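>>> everything below, folded, please.
(chains A and B)
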Amino acid sequence: MLYVKEMAEKLKIKEPDLLTRPVGRRLYQAAKRKMVSLIKGETVICDFKKIEVIDPSFVDEFIVKLIDEGKKEDFYIKLTNLSKTAEQNIRSVFNSYNEFTPKKCAVVTEELTEENSHVIGSNRKEQRELIEILRINNILSKDKLGYMTGLKDERLDTMLNEMSDLRLIKKQNSSYVTV
Amino acid sequence: MVLRNGILEIPDALKDIYAFDRIIELESLLYEKGIHTLDFSRISFIEPYSMTNLLLIGRRYLKNSGSKLKIINLSQPLLQYLTRMDFFAYPVFEKDRGLDEEKKLNRAAFSKRVIEVTEVPNAERESVQVITRIVSRFRQRAGFILKPWFSNDVVNYFVTVISEVCQNVFEHSMDTGYFALQTYSYNNETVVRLVIADSGIGIEESFSEQQKKQYGHGAELIQSALTRPISGKREFGYGLCRVNSIIREMRGNLFVRSRNSSVAFVYKKGHNESGYSFLKNELSYFDGTQISISLYN
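Residues are numbered from 1 along each chain as shown, chains lettered A, B, ... in the order given. Sure, this is the predicted structure:
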């Protein structure tokens, strides 16, 4: 668990708002120090309890970099206790990446988002559905996912591969679990 | 406009952002005609955009001439107001008279609807401290500043807006800027106006020639920066874009002027749902970038 408020307090960063790129960079470095002993494939839950606003600049320096680091070092990120504004600012940054660059950004959330799913950044209906199914069922094989969603093999493969690349789901042997 | 003995009579054009262009047109006269004094006897009202831009004019004059411009014939209410807004706290202007202590506006009462003029430095570390201070002051006073619009979400939207527009100063302008915010009544409307103004390099200069070929020049480039996540410094930047989307959601107005171009997005209630944008080029040249954000009730 990364308790963001606690980390900010230790760095003497004034909350309840986490704003600007320099603040994002400082917290990212602090988070990295906390994650040195992570086991491969582990999920890091970032808790934003009692944080009101994280601005787009902070999102880019903290959350996007954590996700990038996760891809590099093989860990997963999940966000919890996001305020409405924090969620919207994260979405605006992710949508910008997804729309205007080859880099794709998405993250799983513990709570239901404004868009009625447990993911920010993925605009594909099928992927959202897969996340919800996996949340309920915990672990499912590809065949079972195909049966439950009605997706054809090729389309399902595309979706699952994309979601694995975005680190929204984990592959365990021939089955899948959500982060 | 009357010019006599180095004194320039300022027209009553400090009451809205568009009228202020008349003042910008007069700036060159300061140097051409050897003006050292501004006569404010005709001024009836000063709103925050005009106030912060006056500071830029004064600061530039001080830099160019080595002396301060003098302001004379300010009415007592305006003198009280500018003093209260910390306009004279910056060593930019001289004035012909001071204000007796007992005539000063009560800070405890009045301060609830304003954030005084605050200098935003162009150094990263100092700037972050100032942004934190502004946001903290805003949170303390938000219930009064945003009274007609008040909700936790609107306060949080404003925090995002303050942070993003202030960061642009140290990220892009290469200059210090002035921030101010005030809620006031004008023409039977309650207006909350947030302003950030600098006299730095301007939006156009912060983009490469290659980027300008792609995104346009002047007002077109400003419009691109407000509607697409583009940046002159990074792979891309979302600050102004996000600010624009928040203002659209709150049905406010956003005005950005940079050098001799401007863009206004009008999402005000009663207007078209998707809003209107107004692009202007070939305005009188004014250094830097000035942003005004307004909500009306």
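>>> return the helix or strand in chain B with minimum mean pLDDT.
helix B:107-110 (a mean of 61; mean pLDDT, DSSP states H and E).
>>> quick check: what element follows it along the chain?
Next helix or strand after helix B:107-110 toward the C-terminus (DSSP states H and E): strand B:114-120.
>>> give me the residues contacting that following strand.
Applying C-beta atoms under 8 Å, 6 or more residues apart in numbering or on different chains, the external contacts of strand B:114-120 come out as B:51-52, B:55, B:84-87, B:89-90, B:127, B:130-131, B:133-134, B:137-138, B:141, B:145, B:166, B:169-170, B:176-183, B:196, B:198. In short, each C-beta sits where N, CA and C put it, glycine included.
>>> out of those residues, which are inside helices?
Taking DSSP state H as the definition of helices, the contacts of strand B:114-120 contribute B:51-52, B:55, B:84, B:127, B:130-131, B:133-134, B:137-138, B:141, B:145, B:166.
>>> among these, name the buried ones.
B:51-52, B:55, B:84, B:127, B:130-131, B:134, B:137-138, B:141, B:145, B:166 (16 or more other C-beta atoms under 10 Å in any protein chain shown).
>>> ok so, going back, pick out the most distant pair among the ones in helices among the contacts of strand B:114-120.
B:Arg84 and B:Ser127 (24.7 Å; C-beta to C-beta).
>>> which SSE is A:Lys12 in?
Using DSSP H and E, A:Lys12 falls outside every helix and strand.
>>> and it, what pLDDT?
At A:Lys12, the model reports a pLDDT of 95.
>>> give me the neighbour count for it.
Counted by other C-beta atoms under 10 Å in any protein chain shown, the residues lying close to A:Lys12 total 7.
>>> go on, B:Phe207?
Neighbours of B:Phe207 (other C-beta under 10 Å): 23.
>>> equivalent analysis for the one 4 residues further on, please.
By the other C-beta under 10 Å criterion, the neighbourhood of B:Gln211 contains 15 residues.
>>> just A:Thr20 next, same as before
There are 25 residues near A:Thr20, going by other C-beta under 10 Å.
>>> if you drop the residues flanking it in sequence, what lies closest to it?
B:Val128 (5.1 Å; C-beta to C-beta, 6 or more residues apart in numbering or on different chains).
>>> state the distance from the one you found to B:Glu27.
Per C-beta to C-beta, to the nearest Å, B:Val128 is found 32 Å from B:Glu27.
>>> A:Asn98 too?
Counting by C-beta to C-beta - A:Asn98 and B:Glu27 are separated by 44 Å.
>>> repeat for A:Ile139
Separation of A:Ile139 from B:Glu27 (C-beta to C-beta) stands at 70 Å.
>>> compare these two (neighbour count), which wins?
B:Glu27 (19 against 13).
>>> spit out the contact partners of residue 142.
No chain in the question, so chain A it is. Taking C-beta under 8 Å, 6+ apart as the test, what A:Lys142 contacts is A:156-157, A:160, A:174-176.
>>> ah, no, chain B please
B:150, B:155, B:158.
>>> for the residue most central in space within chain A, name its beta-bridge partners.
Ranked by distance to the mean C-alpha position of chain A (C-alpha atoms, centre = their mean), the top residue is A:Val107 at 2.0 Å. Assessed by DSSP bridges, A:Val107 has beta-bridge partners A:Ile120.
>>> count the residues that sit near the residue nearest to A:Thr20.
22.
>>> pretty sure it sits against A:Val23.
Yes - contact status for B:Val128 versus A:Val23: in contact at 6.4 Å, counting by C-beta atoms under 8 Å.
>>> I figured A:Val53 hits B:Val159, correct?
Yes - assessed by C-beta under 8 Å, A:Val53 is found in contact with B:Val159 at 4.5 Å.
>>> can you pull the residues that touch both of these two?
Joint contacts of A:Val53 and B:Val159 (C-beta under 8 Å, 6+ apart) are A:17, A:19, A:85.
>>> who in the stretch 151-297 of chain B is up against chain A?
B:152-153, B:156-157, B:159-160, B:163-164, B:167, B:171, B:228-229, B:235-236, B:238-239, B:241-242, B:245 (C-beta under 8 Å from any C-beta of the partner chain).
>>> buried ones from these, can you make that a ChimeraX selection?
Selection command for ChimeraX covering only the buried members of those, criterion 16+ other C-beta under 10 Å:
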select /B:156,157,159,160,163,164,167,171,228,229,236,238,239,241,242,245
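>>> chain neighbours aside, what residue packs nearest to residue 165?
All of this is about chain A. A:Asp165's closest residue in space is A:Lys104 (C-beta to C-beta, 6+ apart), at 7.5 Å.
>>> think we crossed wires, I meant chain B
Closest to B:Val165 by C-beta to C-beta, 6+ apart is B:Ile196, at 4.7 Å.
>>> do B:Ser262 as well
That would be B:Lys280: by C-beta to C-beta, 6+ apart, it lies 4.8 Å from B:Ser262.
>>> against A:Lys40, how distant is A:Ser175?
A:Ser175 is 18 Å from A:Lys40, by C-beta to C-beta.
>>> more neighbours: those two, which one.
A side-by-side neighbour count of A:Ser175 and A:Lys40, using other C-beta under 10 Å, places A:Ser175 first with 16 against 7.
>>> what about the longest helix along chain A, distance to the chain center?
In terms of residue count, the longest helix belonging to chain A (DSSP H) is helix A:84-100. Remark: helix A:84-100 is offset 12 Å from the chain centroid, using C-alpha atoms, centre = their mean, to the nearest Å.
>>> quick check: pLDDT value at residue 105.
As the question left the chain open, I've gone with chain A. So A:Cys105 comes in at 95 (pLDDT).
>>> not quite, I wanted chain B
Per the predicted model, pLDDT is 73 at B:Leu105.
>>> that one touches B:Tyr81, doesn't it?
Yes - contact criterion C-beta under 8 Å: B:Leu105 and B:Tyr81 qualify, at 7.3 Å.
>>> of the two, who's got more company?
B:Tyr81 (20 against 16).
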